[in-house]
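Peer 1: Show me the folded form of this:
(one chain, ligands or ions: 2)
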Amino acid sequence: MTGWEPVVGLEIHIQLKTQTKMFCRCENVWGEGPNTRTCPVCLAHPGTLPVPNGRAIEWAVKLGLALGCEVAERSVFHRKNYFYPDLPKGYQISQYDEPLCTAGRFAVPGSGGDHEIGIVRAHLEEDAAKTVHVGGKAGRISGAAHSLVDFNRGGTPLVEIVTEPDLHSPEEARRFLQLLRQTVVELGISDAEMEKGSLRCDANVSVRREGEEGLRTKTELKNMNSFKFVGDGIAAEVARQIEVYESGGEVGQETLHFDPASGRISSLRSKEEAHDYRYFPEPDLVPVEPPAALVERMRAEIGELPAARIRRLEGELDFDLSYGLVASGRDELYERVPGERRAVANVVMNQLAATGAHPGRVNAEELGKLIEARDRIPRATFDEALTAAGEPGFTAERYLAEEAVTDASELDPVIERVLAANGSQVAAYRSGKEGLLGFFVGQVMRETQGKANPKVVNERLRERLGA
Ligand code: ZN
Ligand code: MN
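Peer 2: Ligands and ions are numbered 1, 2, ... in the order given. Alright, predicted model coming up:
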């Protein structure tokens, strides 16, 4: 990859969790029986008329503001025409040359400073229905025996966000998307869950020589449904394009599918152009003209954004911990737990997360007591307590009563046994491989079923092995 620079822009679709759909009063819910949330409007019966969802417009404005966008005083719905069985009208109501939000900047903190990602636009549209392919491989259309359409999803409010091609590595794209997701969740406007399809991401990918100006031909990677696949898919496509150029070929403009199982990229179709959709203004809807008071009301509802919190927490933690806590939404618990900041951050981010305990249900005071005592109580007891920490009525007290073994007369015989059984490691340690100390501590902890105090074991071992 040396000598080449990836150039990536993302197109993200976010389902808004309004009570009702974008242009009708059908309930907007996920996971109900197929075709139970439909009406003549979202099924496109002739003679029906769309009525825009006011809350969806407000939330799109709110999201636009959080992305640093300008909110248009006048914005227009267009018809985007194409044929597919999940689109009964034969067009999607979307926005074209007068979108609701434009020209934003979204800061992605990095260890070396912020990287600003340009936001071209954030517009409102409606989702298509969901097609389910039956009998094929991995639910895909190729090889399927038949396909079914569930119109429940048809007409769900969507915000489509388009970024500038400002992302220059798969890792950066993944981080941007994670932070965007956390922002959307905190705004309270979407669950933004990639597995459920309420957050969907396509990537426009090209590469160029380092230092080269201008952009080369881009390809579009469709529907990657996890943060990991977004990173892996972009990495695979970047590698493919570099190989094409280095072997003297040309990259063609096309739409691609990334298969996470095989890591392979396959072609879906050659890319369509905007004019293929024959966009024209939706004659059944008036322009959207959000009043200034509405925009200000939405602005006032936006709290401290994740990027700003990462910077704030960086005052007491290193960047990776600070980023990890905020991007995972665990910083709210972290801030409530009293105690030494690094220790609290590590437990909340790693050990507690591993137990699956819901951060919002953990009693912060009690967790603080537990963390404060973690060197005095047996490791096994600490782990057990963490597993229980998310349960209602959890208190640290009963775990704190159990003291770890610190008594040398109990620990020394175990240490002797461990050293005797691992003669070659002892010799290696003494000849300078001091990293092996952790191995010996681990062995002693195992022998004592996690009841020894690791700090004391450490000290005794050092003494016994000779510094
Ligand atoms: Zn409906
Ligand atoms: Mn779209």
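
Peer 1: residue contacts, the residue of the stretch 101-250 of the chain found nearest ligand 1?
Peer 2: The stretch 101-250 of the chain approaches ligand 1 most closely through Gly155 (5.5 Å), counting by Cβ to the ion. (Glycine included, C-beta is placed from N, CA and C.) Taking Cβ atoms under 8 Å, 6 or more residues apart in numbering, we find Gly155 in contact with Lys21, Met22, Phe23, Cys24, Cys26, Val41, Cys42, Glu126, Asp127.

Peer 1: One more pass at 10 Å, please.
Peer 2: 20-24, 26, 28, 37-39, 41-44, 50, 53, 88-89, 92-93, 126-129 (Cβ atoms under 10 Å, 6 or more residues apart in numbering).

Peer 1: do the same with Phe440
Peer 2: 415, 418-419, 422, 425-426, 429, 457-458, 461-462, 464-465.

Peer 1: One more pass at 8 Å, please.
Peer 2: Phe440 makes contacts with Ile415, Val418, Leu419, Asn422, Gln425, Tyr429, Leu461, Leu465, as judged by Cβ under 8 Å, 6+ apart.

Peer 1: just checking, which of the residues you listed belong to helices?
Peer 2: Those of those mapping onto helices are Ile415, Val418, Leu419, Gln425, Tyr429, Leu461, Leu465, per DSSP state H.

Peer 1: Starting from ligand 1, give me the distance back to the closest residue to the third one other than its chain neighbours.
Peer 2: If you skip the residues right next to it in sequence, Leu419 has Val426 as its closest partner in space, 5.5 Å away by Cβ to Cβ, 6 or more residues apart in numbering. As for Val426, its distance to ligand 1 is 74 Å (criterion: Cβ to the ion, to the nearest Å).

Peer 1: now do Glu402
Peer 2: Distance, Glu402 to ligand 1, by Cβ to the ion: 59 Å.

Peer 1: Residue of the stretch 251-400 of the chain nearest ligand 1, please.
Peer 2: Closest point on the stretch 251-400 of the chain to ligand 1, by Cβ to the ion, is Asp284, at 14.9 Å.

Peer 1: Which strand or helix spans that residue?
Peer 2: According to DSSP states H and E, Asp284 maps onto no helix or strand at all.

Peer 1: In contact with it, which residues are there?
Peer 2: Per Cβ under 8 Å, 6+ apart, neighbours of Asp284: Leu49, Pro50.

Peer 1: Which pLDDT value does the model give it?
Peer 2: For Asp284, the pLDDT comes out at 96.

Peer 1: Then Tyr91?
Peer 2: 95.

Peer 1: Kindly report the same for Arg269.
Peer 2: pLDDT, Arg269: 69.

Peer 1: How about the one 4 residues further on?
Peer 2: On the pLDDT scale, Glu273 is placed at 68.

Peer 1: would Leu370 count as being in a helix?
Peer 2: Yes: the assignment for Leu370 by DSSP: H, G, I helix; E, B strand; the rest coil puts it in a helix.

Peer 1: Leaving out chain neighbours, which residue sits closest to it?
Peer 2: Spatially, and ignoring its direct neighbours in sequence, Leu370 is nearest to Ala396 (4.4 Å; Cβ to Cβ, 6+ apart).

Peer 1: what kind of secondary structure is Phe440 in?
Peer 2: helix.

Peer 1: Distance-wise, check it relative to Ser206.
Peer 2: Noted for Phe440: a distance of 52 Å to Ser206, by Cβ to Cβ, to the nearest Å.

Peer 1: What of Pro46?
Peer 2: 43 Å.

Peer 1: next one: Gly368
Peer 2: Gly368 is 49 Å from Ser206, where distance means Cβ to Cβ.

Peer 1: Same question for Glu402.
Peer 2: Per Cβ to Cβ, Glu402 is found 59 Å from Ser206.

Peer 1: just Leu400 next, same as before
Peer 2: With distances taken as Cβ to Cβ, Leu400 is found 58 Å from Ser206.

Peer 1: Between these two, which is the more surrounded one?
Peer 2: Ser206 (20 against 16; other Cβ atoms under 10 Å).

Peer 1: Need the phi and psi values for the more buried one.
Peer 2: phi -140, psi 170 (degrees, to the nearest 10).

Peer 1: Can you name the residues bridging to it?
Peer 2: Assessed by DSSP bridges, Ser206 has beta-bridge partners Val7.

Peer 1: tell me which residues in stretch 280-300 are buried?
Peer 2: Glu282, Leu285, Val288, Pro290, Leu294, Val295, Met298 (16 or more other Cβ atoms under 10 Å).

Peer 1: could I get those residues as JSON lines with secondary structure and distance to Leu167?
Peer 2: Formatted as JSON lines, these follow (DSSP: H, G, I helix; E, B strand; the rest coil; distance: Cβ to Cβ, whole Å):
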{"residue": "Glu282", "secondary structure": "coil", "distance to Leu167": "32"}
{"residue": "Leu285", "secondary structure": "coil", "distance to Leu167": "34"}
{"residue": "Val288", "secondary structure": "strand", "distance to Leu167": "30"}
{"residue": "Pro290", "secondary structure": "coil", "distance to Leu167": "29"}
{"residue": "Leu294", "secondary structure": "helix", "distance to Leu167": "32"}
{"residue": "Val295", "secondary structure": "helix", "distance to Leu167": "28"}
{"residue": "Met298", "secondary structure": "helix", "distance to Leu167": "27"}
